[in-house]
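Enquirer: sequence and predicted structure, then a few things I'm wondering about:
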Amino acid sequence: MDIINALADKSTEALPVWKPLHLQPLIKGAEYFSHASTKSVSEELFNTGICLPSGSNLTEKQQV
């Protein structure tokens, strides 16, 4: 959240990566197949990733 807050201070919207389906309350208890017995790639991305603004309508100033 530190990075997301720092970007917000510079008027750049950033959001956490979407929560994996197997962590959603609606799916709780459903069978889930992780990447390996001790590693869930989707959970790792959720815990460490951020979504940055993107799109074809961003100005050069917004891209810097």
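Expert: Thanks, I have it. Numbers count the residues shown, from 1 in each chain.

Enquirer: who's in contact with Ser11?
Expert: For Ser11, the contact set (Cβ atoms under 8 Å, 6 or more residues apart in numbering) is empty. Yep, even glycine has a C-beta here, placed from its N, CA and C like the rest.

Enquirer: ok, it to Ile3 distance?
Expert: According to Cβ to Cβ, to the nearest Å, Ser11 and Ile3 sit 15 Å apart.

Enquirer: please apply the same query to Lys61.
Expert: Remark: distance between Lys61 and Ile3 (Cβ to Cβ) = 20 Å.

Enquirer: more neighbours: which of the two?
Expert: Applying other Cβ atoms under 10 Å to Lys61 and Ile3 shows that Ile3 carries more neighbours, namely 10 against 6.

Enquirer: I figured the more buried one hits Ile50, correct?
Expert: Yes - with contact taken as Cβ atoms under 8 Å, Ile3 and Ile50 are classed as touching, separated by 6.2 Å.

Enquirer: got any residues that touch both of these two?
Expert: Common neighbours of Ile3 and Ile50 (Cβ under 8 Å, 6+ apart) are Ala14.

Enquirer: ok, for the spatially most central residue of the chain, nearest residue in space, not its chain neighbours?
Expert: For the chain, the residue sitting closest to the mean C-alpha position, by Cα atoms, centre = their mean, is Val17 at 1.1 Å. In space, and not counting its chain neighbours, Val17 is closest to Gly49: 3.8 Å by Cβ to Cβ, 6 or more residues apart in numbering.

Enquirer: about what we covered before: can you pull the pLDDT of the residue nearest to the centre of the chain?
Expert: Among the per-residue scores, Val17 holds a pLDDT of 94.

Enquirer: repeat that for the one 5 residues further on.
Expert: His22 carries a pLDDT value of 90.

Enquirer: which residues does it contact?
Expert: Ala30, Tyr32, Ser42.

Enquirer: gap between the first one and Leu21?
Expert: Here the distance between Ala30 and Leu21 works out to 8 Å (Cβ to Cβ).

Enquirer: distance between the ends of stretch 24-31?
Expert: The distance separating the two terminal residues of stretch 24-31, taken as Cα to Cα, to the nearest Å, comes to 13 Å.
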